[in-house]
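K.L.:
Got a predicted structure plus its sequence, pasted below:
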Amino acid sequence: MKKFFIVFQLSIASLGAFAQKAIADRITANVGDEYVLLSDVEEAFASAKDQKTELPAQYRCMVLDNIMMQKLLTNQARLDSLPLKEEDVETQLTARIEQILRYMNGNVQQFMEYYGMTPDDMKNTMREDMRGQMLAERMRGKVLSDISVTPSEVKRFFAKIPKDSLPYFNQEVEVAEIVFKPKPNAAEKAATYKRMLEIRQRIVSGTDKFEDLAKKYSADPGSGREGGDLGFAKRGTYVPAFEAAAYKLEEKEISAVTETEFGYHIIQMLERRGNNIHVRHILLKPEITYDDMKLARNKLDSIRLHVMNDSMRFSEAVKQFGDKGTQSYHNDGRLTNHSTGTTTFETRELDPAIYFAIDTMKRIGGLTEPIEFTMVQGEKAFRVVKLLSRTSPHKANLEQDYNKIQLATIEQKKNEHLLKWITQKINSTYVTFDKTYNDCPNMSKWVAKKARP
C-alpha cells in the first residue's frame, strides 16, 4: 500500500526554524502560482532531524514531495476561490502563538530570546504560510468530503492484512466524567467587582489608556498582551452575557462592568461591520480560595454518592451539575480521544491521575472519588470519573476493534483518492522543480504525462 503524508500545520519544533534562518534562499519548485523555497525544505528537514535520530536516505525528497502536495492543494483552492476569512487565519495564528507561550509558561521574554522576535512579529512571519495551509486543508476537505466505507469494505481491508502482521493493541478503556468548577465566594466577587470599577474609572477619566491597563491587569493572557484586542468576531462567538453587553455599545464606548462565567469584564467597541464586531476587553477573575475548593469537592462527592446509590443517573448528573464548557458535557460525560476521534484510550494516553484512579477499579461502571485537576484555561476544578469499559491486551480483531479498522480503511481510501486527484491535477498545472531532485523516485509523478519519455 502506497503511503504519503501531507503536513498542514506548523509544529512547535518546526517553528524553531524561524529563529535559525541562515540559508541563502532560492526557489526549489513551482506549483501553479505557488512556489517552494530551499529554506522551506531545509527547515522541515532540520526539524525532523531534531525529532528523530535516523531519517530515510531520501528524506529530503519526501519533504519536497509533501510540500509540493500542499502547494498544489493551495493553488487549486485559490483557483476555486474557496472562502477563507481573515479572522479565521488570525484565530489560528493566535492559538499557535498561545500554544508556544504555554510551553514557556507565558514568558514573553523567553519567547523573544528563542525566536529573535516578538509574538506579534512571529504572527506576521507566519501569516502567509498559515493562510496557505488553511486553504490546502479546506481544499483537501472538499476533495475528500464524500469518502466513506461500507462494512464489507472494512472486512475486505482487514482480510488483506497478513495474520502475522496484525497489530497488537494494549489495554484500552472508555471513561466518562462529571466536571465541577468551584465558585468564588461573595467577598472575593465583591472585591473583584470593586477593583474592576476602579480600572474602568481610570479609563473613562482619561487617567490611563484601555490597552495599557489590559496589558497590566487582564486575566485573559491572549488578548491581554494585545491590549485586550479580540479582533473581529461574528454574532454567536462570545458567551451570551458578554455578547449582549458588546452589541449594545457604540463605537469607542466602554461597557459597564459585565459578569460572565469567566469573571468580570469591561468591553470597548472599536468597530462594527454589520453583524461582525471588533472589541477589546479587560477580564478580572475573583480568586478561588481554599474554602471554595473544599466546598466544591464536598459538593461533587455528594453528587457521586447520589449516583452510586442509584438516586440519580450519571448522565443526569452530568447535565445538571457538569461544566458546560467541557467537551465531555455534550457527550453524556464521555471523554473523546482527540488523536483518534474515538472514545477509547490506551491507558498510557490518559491523564496520570485518571489512570491511577481507575487502574485498580474492579467493577465496570465504578466511580472515582473527586480528582482535582487544572483545566485548559488554567482554572482549578474537580472531576469524578466513571469507568465505562476496559479491554485486555490483544491482537486486532473485527469484534473488538471495528472502529479502529474502519478508520484505517477510510484513511487508505482517502489516500488513494487524493493521490489520484493529485496525479490528475499535475497534468493540468504548471510544475517545475530543481534538477537536483531528478533522481528521487517519488518525484516522478510531478512530471506531466506528456513530458515523460
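P.N.:
Sure, I can see it. Numbers count the residues shown, from 1 in each chain.
K.L.:
For Ala296, give its distance to Ala186.
P.N.:
Distance of Ala296 to Ala186, given as Cβ to Cβ, to the nearest Å: 15 Å. Every C-beta, even on glycine, is put in place using the N, C-alpha and C of the backbone.
K.L.:
Looking at these two, which has the bigger crowd around it?
P.N.:
Neighbour count, other Cβ atoms under 10 Å: between Ala296 and Ala186, Ala296 has more, with 20 against 9.
K.L.:
Asn185 is in contact with the more buried one, correct?
P.N.:
No. Taking Cβ atoms under 8 Å as the definition, Ala296 is not a contact partner of Asn185, at 11.1 Å.
K.L.:
check contacts around the residue nearest to Val257 when sequence neighbours are not counted.
P.N.:
The shortest distance from Val257 to any non-neighbouring residue, by Cβ to Cβ, 6 or more residues apart in numbering, is to Met196 (4.9 Å). Listed by Cβ atoms under 8 Å, 6 or more residues apart in numbering, the contact partners of Met196 are 257, 264-266, 282, 284.
K.L.:
Tell me the one of those residues nearest Lys123?
P.N.:
Set against Lys123, the nearest of these by Cβ to Cβ is Ile282 (21.6 Å).
K.L.:
for that closest one, phi and psi?
P.N.:
Phi and psi for Ile282, reported as degrees, to the nearest 10, are phi -120, psi 130.
K.L.:
The chain should start at 54 in everything you say after this.
P.N.:
Got it, first residue is 54 now, which makes that one Ile335.
K.L.:
and it, how many neighbours does it have?
P.N.:
There are 29 residues near Ile335, going by other Cβ under 10 Å.
K.L.:
I'd say it and Phe263 touch.
P.N.:
Yes. Taking Cβ under 8 Å as the definition, Ile335 is a contact partner of Phe263 at 7.4 Å.
K.L.:
Touching both of the two, which residues are there?
P.N.:
Joint contacts of Ile335 and Phe263 (Cβ under 8 Å, 6+ apart) are Gly281.
K.L.:
about what we covered before: which secondary structure element contains the residue nearest to Val310?
P.N.:
Element membership of Met249 [criterion: DSSP states H and E] is helix 239-257.
K.L.:
Pull out the buried residues from that helix.
P.N.:
241-242, 245-246, 249, 252-253, 256 (16 or more other Cβ atoms under 10 Å).
K.L.:
Dump these to TSV, plus distance to Glu206 and pLDDT.
P.N.:
Output for those, formatted as TSV (distance: Cβ to Cβ, whole Å; pLDDT from 0 to 100):
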residue	distance to Glu206	pLDDT
Glu241	58	96
Lys242	57	96
Thr245	58	97
Tyr246	60	97
Met249	59	96
Ile252	61	96
Arg253	61	96
Ile256	62	96
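K.L.:
want to throw these into CSV with distance to Gly327?
P.N.:
Shown next, in CSV, are those (distance: Cβ to Cβ, whole Å):
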residue, distance to Gly327
Glu241, 39
Lys242, 36
Thr245, 34
Tyr246, 33
Met249, 30
Ile252, 31
Arg253, 28
Ile256, 27
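K.L.:
So what does Ile153 have for phi and psi?
P.N.:
When read as degrees, to the nearest 10, the backbone of Ile153 gives phi -60, psi -50.
K.L.:
for Cys114, same thing?
P.N.:
The phi/psi pair for Cys114 (degrees, to the nearest 10) reads phi -60, psi -40.
K.L.:
Can you tell me how far it is from Ile80?
P.N.:
Taking Cβ to Cβ, one finds Cys114 at 17 Å from Ile80.
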